[in-house]
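Enquirer: give me a model of this one.
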Amino acid sequence: MRFNDDEVKGNVDKAAGTVKQNIGRALGDPILENEGADQRTGGDIQAGFGKARRKVGEVVEDLGEKLGR
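Expert: Numbering: from 1, shown residues only. Here you go, the predicted model:
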């Protein structure tokens, strides 16, 4: 399984957002906490989009292999 750029960038943003959110919560900084939550959510969406793109590509590739036989 090979991840695409959207999956990688999305997962990095999810992780960074979670860290930022937890630091904001620990410091009592609601602005930082909300920025982290937003970044985590955006990363989750981007990673999901990338996963869907990869799955569609795999289906198309499998179909091509089956039709080529």
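Enquirer: what secondary structure does the residue lying closest to Asn11 once chain neighbours are set aside sit in?
Expert: Leaving aside its chain neighbours, Asn11 sits nearest to Ala47 (5.1 Å; criterion: CB to CB, 6 or more residues apart in numbering). In this view, the C-beta of every residue, glycine as well, is placed from N, C-alpha and C. Recorded secondary structure, Ala47: helix (DSSP: H, G, I helix; E, B strand; the rest coil).
Enquirer: report the buried residues of stretch 37-49.
Expert: Across stretch 37-49, burial judged by 16 or more other CB atoms under 10 Å covers 37, 39-40, 43, 46-47.
Enquirer: wait, the residue nearest to Asn11 touches Asp6, no?
Expert: Yes: look at Ala47 against Asp6 with CB atoms under 8 Å: they come within range, at 6.9 Å.
Enquirer: show residues contacting the helix or strand where Gly10 lies.
Expert: Using DSSP states H and E, Gly10 maps to helix 5-27. Under the contact criterion CB atoms under 8 Å, 6 or more residues apart in numbering, helix 5-27 has outside partners 3, 29-51, 53-54.
Enquirer: done for today, thanks.
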